[in-house]
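**Student:** requesting a structural model of the entry that follows:
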Amino acid sequence: MSGIPVRRWAMPALASAAIGLAALLAWRWHAAAEQQALASDTGGVTGAATQAGAGPVASVPEGPFDAMRPQLEAAAHAGDADAAFRLGRTLAHCIDYTPVPGGRMTAMIAEMVAGAGNAIRIDGRPIGDDRNIDLLLFAHAEATRLCADTDGLRADPPADGALYYVTLAAERGHPEAMALYPDVAFREFKSLSALVDAADEVERRRNRATQMLSVAVRSGEPAALLAMSRAHDADGWLTPDPARALGFWLAFSETPMHRRFPDSLTSEHVRKLEQTASAEERAHARALARELQQPAVDPSEAPRQ
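**Tutor:** So this is what the prediction gives:
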């Protein structure tokens, strides 16, 4: 049996990895939707991101999501970028979430490994491979963390979805929202034919996604480095570029966010990126990573092969 290949991008910016879990347990991996993003005018966004400095300050205190949701919605519509981002992120990752207790999760993995054998594979590995187990457990922990106290959201979802709120936050200069935007912008297009039918809108969003990520990278947002690496990977939404995929990843690997991921996954991923790149491309990647670790780097002007 050749097996059922399961498309997986191991590190889709924390929360997307968590969403991948739920789909994998449904016998497929939910990769972040075809990444594209917003309209072409980013002048105001650049200024907002520059003024944000370390990022927007939360005006709505932390608390259980369902309890805080009315305040978050009111603040978001009043112009609060952080509130809009918190709403958009939760909608993006939790609207289809099904809570799975830790003990049940362990049993589900065991059942899947015993029942599937080599029929289900992730990156060519049988589902029972230790690295896949690490991925599943990590994704479960992230889903549990990100989607706690969201039962009310699923019972009574807002009229405006994840794309609306993530866009709202990104347009107001929230760097993490800019990094997340490509993951939600194309979810409405469910098939290749739908993408073709909306070709003009797809191209508009693609162009704006690139601009948004460039702004977020300049702000120093780690999730944007990860998103840029993904975008230039072989199955990304920008032109495949091994040097840039590796370079942005190497820069991301120096951030605290990188340390949240299991070592077995990150070490394997960087090996794959290095194997894909030629010696010259690896040298370009290291140079790009060094530049990205300096302030005010514009990815559009980063060294290319």
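
**Student:** ranges for the strands of the stretch 51-200 of the chain?
**Tutor:** With DSSP state E, counting those that start in this stretch applied, the stretch 51-200 of the chain shows strands at 120-122, 125-126, listed in chain order.

**Student:** does Leu213 touch Pro182 like I think?
**Tutor:** Yes. Using CB atoms under 8 Å, Leu213 is in contact with Pro182, at 7.0 Å. Every C-beta, even on glycine, is put in place using the N, C-alpha and C of the backbone.

**Student:** higher neighbour count, these two?
**Tutor:** When Leu213 and Pro182 are compared for neighbours, Pro182 comes out ahead with 32 against 27, by other CB atoms under 10 Å.

**Student:** can you tell me how far the more buried one is from Met228?
**Tutor:** From Pro182 over to Met228 the distance is 10 Å, taken as CB to CB, to the nearest Å.

**Student:** find residues that contact each of these two.
**Tutor:** Common neighbours of Pro182 and Met228 are listed as Leu213 (criterion: CB atoms under 8 Å, 6 or more residues apart in numbering).

**Student:** hmm, back to that, most tightly packed of the strands of the stretch 51-200 of the chain?
**Tutor:** Highest mean neighbour count among these (mean count of other CB atoms under 10 Å): strand 120-122, with a mean of 20.

**Student:** list the helices and strands that strand packs on?
**Tutor:** Here strand 120-122 touches strand 4-6, going by 3 or more CB pairs under 8 Å, 6 or more residues apart in numbering; DSSP states H and E.

**Student:** for the record, mean pLDDT for the strand it packs on?
**Tutor:** Strand 4-6 carries an average pLDDT of 34.

**Student:** same question, stretch 259-279
**Tutor:** The average pLDDT within stretch 259-279 is 90.

**Student:** hmm, who's touching that stretch?
**Tutor:** Outside stretch 259-279, the residues that touch it by CB under 8 Å, 6+ apart are 10-11, 14, 17, 130-131, 134-135, 138, 229, 233-234, 242-243, 245-246, 249-250, 253, 258, 282, 285.

**Student:** starting at the chain centroid, how far to that stretch?
**Tutor:** How far stretch 259-279 lies from its chain's middle: 17 Å, per CA atoms, centre = their mean, to the nearest Å.

**Student:** that stretch: which residues count as buried?
**Tutor:** Neighbour-count burial for stretch 259-279 flags 261-262, 264-266, 268-269, 273, 276-277 (criterion: 16 or more other CB atoms under 10 Å).

**Student:** so what pLDDT did the closest residue to Leu195 other than its chain neighbours get?
**Tutor:** Using CB to CB, 6 or more residues apart in numbering and skipping the chain neighbours, the partner closest in space to Leu195 is Phe189 (4.8 Å). At Phe189, the pLDDT value in this model is 90.

**Student:** quickly note the distance from Phe189 to Ala199.
**Tutor:** 10 Å.

**Student:** and if you look at Gly247?
**Tutor:** Per CB to CB, Gly247 is found 30 Å from Ala199.

**Student:** stretch 190-209: which residues count as buried?
**Tutor:** Of all the residues in stretch 190-209, those buried under the rule 16+ other CB under 10 Å are 201-202, 204-209.

**Student:** mind checking which of the residues you listed are in helices?
**Tutor:** Within the buried residues of stretch 190-209, residues falling in helices by DSSP state H are 201-202, 204-209.

**Student:** report how many residues lie close to Arg218.
**Tutor:** Per other CB under 10 Å, the neighbour tally for Arg218 reads 19.

**Student:** below-threshold pLDDT in this protein: ranges please.
**Tutor:** Where the chain drops to pLDDT under 70, the residues are 1-58, 295-305.

**Student:** hmm, 80 instead?
**Tutor:** The chain contains residues with pLDDT under 80 at 1-59, 102, 116-118, 122-124, 295-305.

**Student:** check the burial of Leu163 by counting its neighbours.
**Tutor:** By the measure other CB under 10 Å, the count of residues near Leu163 is 20.

**Student:** same deal with His284?
**Tutor:** The burial count for His284: 22, using other CB under 10 Å.

**Student:** what sits closest to it if chain neighbours are left out?
**Tutor:** Nearest residue to His284, sequence neighbours excluded (CB to CB, 6+ apart): Ala243, at 4.0 Å.

**Student:** which SS state does that neighbour fall under?
**Tutor:** With DSSP: H, G, I helix; E, B strand; the rest coil as the basis, Ala243 sits in helix.

**Student:** as CSV, could you dump the C-alpha coordinates of stretch 96-110?
**Tutor:** The C-alpha coordinates for stretch 96-110 follow below in CSV (Å, rounded to 0.1, in the frame of the first residue of the first chain):
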residue,chain,number,x,y,z
ASP,A,96,-14.5,24.4,14.3
TYR,A,97,-12.6,23.2,17.3
THR,A,98,-13.8,20.1,19.2
PRO,A,99,-12.3,19.8,22.8
VAL,A,100,-10.5,16.5,23.3
PRO,A,101,-9.4,15.6,26.9
GLY,A,102,-5.8,14.7,27.3
GLY,A,103,-6.5,11.1,28.2
ARG,A,104,-8.8,10.7,25.2
MET,A,105,-6.2,12.3,23.0
THR,A,106,-3.6,9.7,24.0
ALA,A,107,-6.1,6.9,23.3
MET,A,108,-7.1,8.3,19.9
ILE,A,109,-3.4,8.4,18.9
ALA,A,110,-2.9,4.8,20.0
